[in-house]
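Asker: structure, please.
(chains A and B)
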Amino acid sequence: MRHARLGWVFCAVLFLAACAGGREATFAPPPETGGSIAGASQPEIVTTTNPTLEVTLESSGRVALLAVYAKRLEADGATLRIWRTEDGAQVVLRDGVLIATRGLGNDMESADAAATVEAVRSQTPASGPHTLYVRTGDNSIAAINLACNTGRLGVEAIAMGDRASDAVHLQAVCTGSSYMIRNDYWVDPAESTVRKSRQWAGPELGYMRTRLLRE
Amino acid sequence: MMRTFIRPTTVPPCGFPHLAATMKSVRFRELLCLLAIWWIALCAAPQIAVAQGQLPGQLPNTTSKPSLNFYGVPGLIDMPGGEALPDGQVAIGVSSFGGQTRTNFTFQFSPRITVSFRYVGVQDWNSGGFGTYRDRSFDFRYMLVREGRVVPAVSVGLQDFAGTGIYAGEYVVATKTLDRPFRLRGQVRLTTGLGWGRLGGLGGIGSPFGSDRPAFNPGDTGGEPATDQWFRGPVSPFGGIEWIVNNRLGLKAEYASDAYPAETSRGVFARESRLNFGAEYQFRPNLRIGAYWLYGSEFGVNFQLQFNPRTPAEPYRLAGPRPIILRPDQGANPAAYVTNWAKAQNAPMVIRDAMGRELAADGIRLDSISFTAIRVEARVFSDRYDNFAILVGRTARAMARIMPPSVEMFDIVLVEGGLALSKVTLSRTDLETVEFEANASQELLSRITIADASPQVGGPTARAGELYPRFRWALGPYIQPSFFDPDEPVRADFGISAVAYYRFGPGWLLAGELRHRLAGNIENGPRVSDSLLPRVRTDALLYARAADTAIERFFVSKQWKPGLNTYARVSVGYLEQMFGGVSAELLWKPATSRLGLGVEANFVRQRDFDQRFGFQDYKVATGYLSAYFDFGRGYFGQIDVGRYLAGDVGATVSVERQFANGWRVGGFFTMTDVSSAEFGEGSFDKGITVTIPISWFSGRPTRQSIRTVIRPVQRDGGARLNVSGRLYEQIRNGHLTDLRNDWGRVWE
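Answerer: Predicted structure coming up:
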């Protein structure tokens, strides 16, 4: 019958419409209020001695705790760390600057962030190009070319657990390819460690906040 | 195939060849009026060029712009527009008014070429033996001019171009987008065009290319492109405005030139006016729904679904890889780089087991491994990854973790069904240094080489032990659809299917599929085949009726590589639903070549209708010479010349667009020495193929995909044996172009 045939088509339409959109990050639900960490398998901040990074994806609000998976000392003295969640998502930071993600979907495959890394290491204002290479749904890489001006916004006190310390707040304003991005870094002046940051991970992933809970 | 219909003599012919002079000038005035509005709008409004494409580096998005008309192509309401869809876009539109429902499938084959396939049902036809008239049509559109700051988008289109179609028409149309004209919010799109044929029915202003538009021939089998008809007959202007108020709401008004002679004369609906109006709402990012008032007399609806295969429903996600272990610096640690480990008696076994474990954790199986102190070759295959770049990347990482530091060169051979497809060679140093550089995948691609793989691995080798025999089975539902029977446009059989694969040696396969039909209506079709040719395909009805439990296929096959660039296959058994016998194939295709050449020979007999172990008397020898060409950028072409199942001789031309994520959309047609009359309805075999990878929906790596072939009509001419395991399909993913297209995921 004609109606049955239309029914097929509507079902197909609804099916496809329902499939579209929606993305699950492999992150645990946010921790309960009150300061304790939800989930028995996650280490308590007070007692752990392992380096731990807390990462939040702003678009979905999900939070995860990551542990160091690998560490590399690079030729120019930068330290590359691969941080990993329990279910395999990875975040790669070079001296605290985001240069790659894995396992999140629409990942940032790599980045040319040399200027930003230099600015963070020396905590001085700088300008330079910052290019993100993002994976598309068609197995190819899209280059997002940005030009960043990193400025020093001053010294702020940031709380980490029950400690407070001073950090230099750097902000990189990046424009290009019809995007306007602000990346924030709170850098510990003593060792040039990025204690806290808010960085853009591409058009699909959006902004990512990191907090270094333990080095 | 175009359904023929009888044209009543009371309907005046299309166009008005004897216009009075005054009427002619009215038509021209209307045309000038439309042009004037256009020009004023151009001058008065601030213009911002709206690029239909993407800004460089921007990701393709799944938008519903431009909106579709009732024919499923970019346009207004019943009239087409000048824009093209975003490259690669798939649009499905279902529209209905006055009892006429059109189901449209449109694909943007290239940035300028739009193709469309449509199925229409017209109720209350009540003529020529049809209560509801059903028809299928194909459209072809080409965008001549891309929209610019001043220049509108201009397209030329052939509507229902293959034969005596009810909607046959041609047009040239221009559309200009204006941003915030006269300080109205949103955008306004102005469309003006000229239409011939169906679109030249009202307000004709002359017949510039000849007034001879051949009348419909009721006895014609249809299906052939009517080149002597295109752009003939009177031409009429049409036009309209679309106001895109915001990103949810759009309003349309158009001045239509379609007289609907066939429908109005049969009382399907009454056409009172030339003006159509509508409002559309963007219900979801992909789904747009509109409500319209058409021709002064009918309400209509239009559901528009648009999506792009480049943007998956669920983004592909793979748990991150284990890190590559960097080797110690050679200058500081020369002792680590000793080479005598390779001479140890048990080295092959130890390395093989360690690599096997490492790869198994990633879902990759090791076929064999062969090495010297400085070079290692691993032959790998996977049941999990549809993307071979991931296979290469993960294997390279495993090698970097397992192999002793002295090994510098990695050769990764991709294997499929016992066939070595290609060899990727990379250096370990590159692997260690490039991973976190900018544009890492391109960097790596520039440092690797891809070459043919030798059929057998050489040198000291360790084979993985438990590879053969391998047995796999699956039980699941199946749907067998059957389309376009005029009494019942969609028929289907549902049931349970059990498949089993037994691989008992390299390249050997024993496979079988058993189907049990639970329910369905294919057997209820009343039309037994009236074919003049041997009934090689049109007895589907009898196959569906004969038995509920059937052996769909049951065969043994062997495939191997006779040489560096050649592949061979032999299959024996019950090869498909309707035929069984012997099939042999030889393919020449170097891994870095765009061209492939093949030859196939089949000796088959028609199977009994009950699809058990018996055969009927009809037997035939078929064979083809095939050429496969990779045009680049995802476009593939194929030509097969030879003898088909009904004994007819001819050629098949196929063109397909393949997206890197596995989506494939293409079309084919076959011309043989069978005349249109002998072939029957449709004149010649043609169809559309669509392949959708499951990973596009699930976001997880899997090699499963849905493949459909849609033919407007299934007849006996141009029928090919439906044997599984054709070589080109098996090997193409591992060769240069596909590997390059997949390379974005190599570091994943």
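
Asker: bridge partners for the residue nearest to A:T49 when sequence neighbours are not counted, pull those for me.
Answerer: Of all residues not flanking A:T49 in the chain, A:R214 sits nearest, at 7.4 Å (Cβ to Cβ, 6 or more residues apart in numbering or on different chains). C-betas here are computed from N, CA, C, even on glycine. As for beta bridges, A:R214 partners with A:T52 under DSSP bridges.

Asker: and B:V172, how many neighbours?
Answerer: For B:V172, the count of nearby residues is 18 (other Cβ atoms under 10 Å in any protein chain shown).

Asker: same deal with the one 4 residues further on?
Answerer: Using other Cβ under 10 Å, the number of residues around B:K176 comes to 23.

Asker: in which helix or strand would I find it?
Answerer: strand B:169-179 (DSSP states H and E).

Asker: following element in sequence after that strand, please.
Answerer: strand B:187-197.

Asker: averaged pLDDT, the helix or strand that that next one is followed by. What do you get?
Answerer: Using DSSP H and E, the helix or strand that follows strand B:187-197 towards the C-terminus is strand B:235-244. In this model, strand B:235-244 has an average pLDDT of 94.

Asker: run me through the strand neighbours of strand B:235-244, direction for each.
Answerer: strand B:187-197 (antiparallel), strand B:249-255 (antiparallel).

Asker: the residue in the stretch 251-400 of chain B that chain A sits nearest to - nearest residue in space that isn't next to it in sequence?
Answerer: Among the residues of the stretch 251-400 of chain B, B:A319 lies closest to chain A, at 2.6 Å counting by Cβ to the nearest Cβ. For B:A319, ignoring the flanking residues on the chain, the nearest one in space by Cβ to Cβ, 6+ apart is A:G88 at 2.6 Å.

Asker: the one you found touches A:G103, doesn't it?
Answerer: Yes. Look at A:G88 against A:G103 with Cβ atoms under 8 Å: they come within range, at 5.0 Å.

Asker: higher neighbour count, these two?
Answerer: For A:G88 and A:G103, the more surrounded residue by other Cβ under 10 Å is A:G103, and the numbers stand at 20 against 16.

Asker: which non-adjacent residue is nearest that one?
Answerer: Nearest to A:G103 is A:A89, by Cβ to Cβ, 6+ apart, at 3.9 Å.

Asker: for the one you found, give me phi and psi.
Answerer: When read as degrees, to the nearest 10, the backbone of A:A89 gives phi -70, psi 140.

Asker: where does pLDDT dip in the chain?
Answerer: Here I'm looking at chain A. Within chain A, the stretches with pLDDT under 70 are A:1-48, A:161-162.

Asker: look at chain B instead
Answerer: Using pLDDT under 70, the flagged stretches of chain B are B:1-64, B:163-164, B:214-222, B:486-487, B:526-527.

Asker: name the strands paired with the lengthiest strand in it and say parallel or antiparallel.
Answerer: Longest strand of chain B, by residue count under DSSP state E: strand B:615-632. Sheet pairing of strand B:615-632 (DSSP bridges) gives strand B:595-607 (antiparallel), strand B:635-643 (antiparallel).

Asker: ok, the residue nearest to A:T49 touching A:L66?
Answerer: No. The criterion here is Cβ under 8 Å, and A:R214 misses it with A:L66 at 11.4 Å.

Asker: mind listing the shared neighbours of those two?
Answerer: A:T52 (Cβ atoms under 8 Å, 6 or more residues apart in numbering or on different chains).

Asker: tell me the most buried of the strands paired with strand B:235-244?
Answerer: Comparing the strands paired with strand B:235-244 by mean neighbour count (mean count of other Cβ atoms under 10 Å in any protein chain shown), strand B:187-197 ranks first with a mean of 25.

Asker: against B:N247, how distant is the residue nearest to A:G103?
Answerer: To B:N247, A:A89 is 32 Å away according to Cβ to Cβ, to the nearest Å.

Asker: comparing these two, which shows the higher neighbour count?
Answerer: A:A89 (24 against 12).

Asker: any idea which residue is closest to the centre of chain B?
Answerer: B:V665 (0.9 Å; Cα atoms, centre = their mean).

Asker: OK, contacts around that one?
Answerer: With Cβ under 8 Å, 6+ apart, B:V665 has these contacts: B:V90, B:F107, B:F109, B:P309, B:E656, B:R657, B:I688, B:T689, B:V690, B:T691.

Asker: could you redo the last one with a cut-off of 7 Å?
Answerer: The neighbours of B:V665, taking Cβ atoms under 7 Å, 6 or more residues apart in numbering or on different chains as the test, are B:F107, B:R657, B:V690.

Asker: again, but for B:I688
Answerer: B:I688 touches B:F117, B:G667, B:I710, counting by Cβ under 7 Å, 6+ apart.

Asker: what's the burial count for the first one?
Answerer: By other Cβ under 10 Å, the residues close to B:F117 number 19.

Asker: my guess is it meets B:F105, correct?
Answerer: Yes. Taking contacts as Cβ atoms under 7 Å, B:F117 lies within contact range of B:F105: 4.9 Å.

Asker: quick one: contacts of stretch B:424-434?
Answerer: B:324, B:326, B:392, B:396, B:400, B:407-412, B:440, B:443-444, B:447-450.

Asker: swap in 8 Å and give it another go.
Answerer: B:324, B:326-327, B:392, B:396-397, B:399-400, B:403, B:407-414, B:440, B:443-444, B:447-451, B:739.

Asker: against chain A, which of these make the cut? List them.
Answerer: Near chain A, judged by Cβ under 8 Å from any Cβ of the partner chain, the entries from the contacts of stretch B:424-434 are B:L326, B:A440.

Asker: out of the contacts of stretch B:424-434, list just those in strands.
Answerer: Short answer: these in strands (DSSP E) are B:M409, B:F410, B:D411, B:I412, B:V413, B:L414, B:T449, B:I450, B:A451.

Asker: contacts only, for B:L645.
Answerer: Per Cβ under 8 Å, 6+ apart, neighbours of B:L645: B:P534, B:V536, B:R537, B:F579, B:V604, B:V620, B:T622, B:D716, B:A719, B:R720, B:L721.

Asker: before we move on, the earlier item: A:R214 and A:L66 - which one has more neighbours?
Answerer: Set side by side, A:R214 and A:L66 show more neighbours around A:L66, with 23 against 16, by other Cβ under 10 Å.

Asker: helix, strand or coil for the more buried one?
Answerer: Per DSSP: H, G, I helix; E, B strand; the rest coil, the secondary structure class of A:L66 is strand.

Asker: excluding its backbone neighbours, what's nearest it?
Answerer: Per Cβ to Cβ, 6+ apart, closest to A:L66 is A:W83, 3.8 Å.

Asker: element containing the one you found?
Answerer: A:W83 belongs to strand A:79-84, assigned by DSSP H and E.

Asker: strands paired with that strand, and their directions?
Answerer: Checking strand A:79-84 against DSSP bridges gives partners strand A:62-73 (antiparallel), strand A:90-94 (antiparallel).
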